[in-house]
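Student: how would this look folded up:
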Amino acid sequence: MSVAWGYPRRVTLAPVIPAPALVGRADLIWFDCRGDAAKYDAGHVAGARHASLDRDLSAPAPDPALGGRHPLPELSTFAACLGRWGVTPESHLIAYDDQRGANAAARFWWLLRALGHARVQVVDGGLPALIAAGFALTSEPPAPAPAPPYPASGWRLPIVDIDAVERARQDPTWRVIDVRAAPRFRGESEPIDPVAGHIPGAINVPLTDNLDPQGAFKTPEALRSLYEGALAGVPPERVIVHCGSGVTACHTLLALERAGLG
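Tutor: Residues are numbered from 1 along each chain as shown. Sure, this is the predicted structure:
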């Protein structure tokens, strides 16, 4: 993976949107980003496409011996998938999951922003918030009108490889943020990866710190205070965010955008 600087600033929408603001809207394309296809089949917001993390939002995992899970999808493959879903550059996209945005809704948001798509938002509070706002669920599959592959020439948000992380972790003018739970960061438990602990030099800001006690995203002001404290003067463009496989890290990237830090 190469570093691809050049943040698309044609942003006109907040990264998260409260569920009540979506009631009665007919101009939206919905995406259900839950990992369990059976749950999607049993009930989803009317018209919602199922954006599967493993099938649609990632490339096939490499050999586990080489490390890595949930790599980015091939650009052309993802662009074709968006076309099949009926997405065009003018579409207003709404993503939700059942993990407060952490289980793939934020990953969907990041992928679209990385293509330069401006009109994409994550439901604040996810599916539980939609149900509380009065949304009924349906098992009826959507029938999108296909469009051409989404026009995309490359990922337009910065991504880094392991060599860049190695340099950054030793450079005090950079920050590497690990968003995993504190026990995993400290090496006290490791339910997934073969080695416990963290990258030397990284700091830990668990993604759950992005949320208030009710499970909604904290205010922009609270998030800005949180991350300005964690960064201690390091500018946002010198921040690398990681998790276990590049999914929940997107939750923190969304929080940084909500904080106005980009």
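Student: helices or strands next to the regular element (helix or strand) spanning residue 41 in the packing?
Tutor: Secondary structure assigned from DSSP states H and E places residue 41 in helix 37-42. The helices and strands touching helix 37-42, judged by 3 or more C-beta pairs under 8 Å, 6 or more residues apart in numbering; DSSP states H and E, number zero. Heads up, the C-betas are built off the backbone N, CA and C, glycines and all.
Student: outside of that helix, which residues touch it?
Tutor: Residues from elsewhere that reach helix 37-42 (C-beta atoms under 8 Å, 6 or more residues apart in numbering): 32, 34, 48, 50, 52, 98, 139.
Student: For the closest residue to the fourth one other than its chain neighbours, the count of nearby residues, please.
Tutor: Put plainly, it is residue 50. Take residue 50 and drop its neighbours on the chain: the residue closest to it by C-beta to C-beta, 6 or more residues apart in numbering is residue 40, 4.6 Å away. Neighbour count for residue 40, taken as other C-beta atoms under 10 Å: 20.
Student: What's the separation between residue 40 and residue 130?
Tutor: Going from residue 40 to residue 130 by C-beta to C-beta, to the nearest Å gives 14 Å.
Student: same question, residue 63
Tutor: As for residue 63, its distance to residue 130 is 39 Å (criterion: C-beta to C-beta).
Student: Check residue 47 too.
Tutor: Distance of residue 47 to residue 130, given as C-beta to C-beta: 13 Å.
Student: Between these two, point out the one with more neighbours.
Tutor: Counting neighbours by other C-beta under 10 Å for residue 47 and for residue 130 shows that residue 130 has the greater number, 25 against 17.
Student: How much space separates the more buried one from residue 86?
Tutor: Taken as C-beta to C-beta, the span from residue 130 to residue 86 is 21 Å.
Student: now do residue 210
Tutor: Remark: distance between residue 210 and residue 86 (C-beta to C-beta) = 31 Å.
Student: Those two - which one has more neighbours?
Tutor: residue 210 (26 against 15).
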